[in-house]
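Colleague: give the three-dimensional model of this entry:
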Amino acid sequence: MSHANSNHHAGEQDVVEAIVPLMPIVLPVGGALLIFLLAFIAVFMS
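Modeller: Sure, this is the predicted structure:
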């Protein structure tokens with residue numbers, strides 16, 4: 001039973017390690033999208 005849990009935990013670690021190299025691309029794109037949406041809402045409300 002504990003062997004199955006260790007395999008599941010190792011799978012989660014692999015997913016995290018796969019996402020980490022993409023963070024320098026994902027964070028600026030997400031930030032730019034958030035700023036654009038906030039500016040659109042501000043212009044629309046005014």
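
Colleague: what is the burial count for F36?
Modeller: 10 (other C-beta atoms under 10 Å). (C-beta placed from N, C-alpha, C; glycine too.)

Colleague: let me fix that, I meant to ask about P24.
Modeller: The tally of other residues near P24 (other C-beta under 10 Å) stands at 8.

Colleague: separation between it and F44?
Modeller: 31 Å (C-beta to C-beta, to the nearest Å).

Colleague: report pLDDT for Q13.
Modeller: Here, the pLDDT recorded for Q13 equals 72.

Colleague: helix or strand for it, which one?
Modeller: Following DSSP states H and E, one finds Q13 within helix 2-19.

Colleague: now the element after that helix, going C-ward?
Modeller: The C-terminal neighbour of helix 2-19 among helices and strands, as given by DSSP H and E, is helix 23-45.

Colleague: which neighbouring elements make contact with that following helix?
Modeller: Of the remaining helices and strands, none touches helix 23-45 by 3 or more C-beta pairs under 8 Å, 6 or more residues apart in numbering; DSSP states H and E.

Colleague: list the contacts of that helix.
Modeller: By C-beta atoms under 8 Å, 6 or more residues apart in numbering, no surrounding residue is in contact with helix 23-45.

Colleague: one more time with 10 Å
Modeller: By C-beta atoms under 10 Å, 6 or more residues apart in numbering, the residues outside helix 23-45 that reach it are I19.

Colleague: distance from the chain centre to that helix, please.
Modeller: Its chain's C-alpha centre and that of helix 23-45 lie 14 Å apart, by C-alpha atoms, centre = their mean, to the nearest Å.

Colleague: so for it, mean pLDDT?
Modeller: Helix 23-45 carries an average pLDDT of 96.

Colleague: in this protein, which residue is most central in space?
Modeller: V26 (6.9 Å; C-alpha atoms, centre = their mean).

Colleague: do you know how far that residue is from A42?
Modeller: 25 Å.

Colleague: how about V16?
Modeller: Distance of V16 to A42, given as C-beta to C-beta: 35 Å.

Colleague: cool, thanks, signing off.
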